[in-house]
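K.L.:
sequence first, then the predicted structure, then my questions.
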Amino acid sequence: MHMMMQKLVLLASVIFAICSTSATGQTFPTGPIRLVAPEPGGGADLVARIVAQGLTERLGQQALVDNRGGSAIIPAEIVAKAPPDGQVLLFCASAHWLLPLFQEVSYDPIRDYAPITLTTTSPAVIAVNPSLNVSSVKELIALAKSRPGQLNVASGTKGSTTYLSAELFKAEAGVDIVGIPYKGAAPALTAVVAKQVDMIVITASSVMPYAKSGKLKVLAVASPRPSVLAPGVPTTSEAGMPGFESGTVHALFAPGRTPERIVMRLNQEVTQYLKQPEIREKLLGLGLDVVASSPAQLTATVKSETERIEKMLKKIGS
């Protein structure tokens, strides 16, 4: 009888230990992690794959990137409806929280997601196909004014960073340039490289490889200070467009109501991985600067960026 009681006590202890482990989140993850991301080929896809590699190494479970082309709404909706267990995550660019400014969406970018971390930033650059035969922003604006409605600019879907950047450029420069929308930043950039479209305002991470090979010409970087991501390229202020700033940030979210212990575990693993010197260097080579923030800093960025873009929209009358 005494032996039976000892076995029961031992069994109860084991059950308690298992429950305690589950309650503290130590069993996370329980299987492969899925990062739902935008279309392949863009800056967000590049960073998503690096983050997935880091999670795979540090969590002992494979992390896979699930690319979804088209609007940023698609991956956002998938993750908003996913179980709040940290197994399905949203990797996105700032279009995720800016899209609601342009159209109705089924999600709230703050209420429906648990912020994990900012990952990287990349300033936008003004780039043209070399066939346009301009060497500066001033020359580009002069050409556009001499040929109203004849030049064109590529962008992603309405609400994307490239779309907003193009519209803001046109308004700031006071030029009539025709916007050519594509299903994503990657096909928009491809069209400019292929001489189908004259110009694009897009992140340095996307453009610099083409600039190095001579397939595109970068005229200015849309940041207040010179960027190591675009060495030797003048700022828009230096190029004659003071105040014109644009770019994008990449971030990682979990579904809303994901337990804080899981969010903080993901934050810890991702930020520590991104801060490694070799990973920083790799991302810098891709035109991306590591941020690696707290969840609170990500929420603050979402709010401040939304307010800034709302003011821009009023300025350009969109």
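P.N.:
Yep, it's here. These figures come from a predicted structure and were not determined experimentally.
K.L.:
need the contact list for Gly159.
P.N.:
Each residue near Gly159 by CB atoms under 8 Å, 6 or more residues apart in numbering is listed here: Ser71, Ala72, Ala95, Leu98, Leu99, Leu101, Phe102, Gln103. The C-beta positions use only the backbone N, C-alpha and C, and glycine is treated the same way.
K.L.:
tell me the contacts of the third one?
P.N.:
Taking CB under 8 Å, 6+ apart as the definition of contact, the neighbours of Ala95 are Pro38, Ala72, Gly156, Gly159, Ser160, Thr161, Thr248.
K.L.:
my guess is the first one meets Gly184, correct?
P.N.:
Yes - because the distance of 6.6 Å satisfies CB atoms under 8 Å, Pro38 is recorded as touching Gly184.
K.L.:
strands of this structure, residue ranges please.
P.N.:
Ranges of strands in the chain, per DSSP state E, are 33-37, 63-67, 88-93, 113-128, 152-155, 178-181, 199-203, 217-221, 247-255, 289-290.
K.L.:
could you export those strands as a markdown table, including distance to Val137, mean neighbour count and mean pLDDT?
P.N.:
As requested, those are exported to a markdown table (distance: least, CB to CB, whole Å; neighbours: other CB atoms under 10 Å; pLDDT from 0 to 100):
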| stretch | distance to Val137 | mean neighbour count | mean pLDDT |
| --- | --- | --- | --- |
| strand 33-37 | 32 | 22 | 97 |
| strand 63-67 | 33 | 18 | 97 |
| strand 88-93 | 24 | 26 | 96 |
| strand 113-128 | 6 | 27 | 95 |
| strand 152-155 | 13 | 24 | 97 |
| strand 178-181 | 18 | 15 | 96 |
| strand 199-203 | 11 | 30 | 94 |
| strand 217-221 | 5 | 23 | 96 |
| strand 247-255 | 16 | 26 | 94 |
| strand 289-290 | 23 | 20 | 91 |
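K.L.:
any chance of the ones you listed in TSV, with distance to Ala191 too?
P.N.:
Conversion of the strands of the chain to TSV gives the following (distance: least, CB to CB, whole Å):
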stretch	distance to Ala191
strand 33-37	22
strand 63-67	20
strand 88-93	19
strand 113-128	12
strand 152-155	5
strand 178-181	7
strand 199-203	8
strand 217-221	16
strand 247-255	19
strand 289-290	27
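K.L.:
what about Ala222, neighbour count?
P.N.:
The number of residues packed near Ala222 is 26, by other CB atoms under 10 Å.
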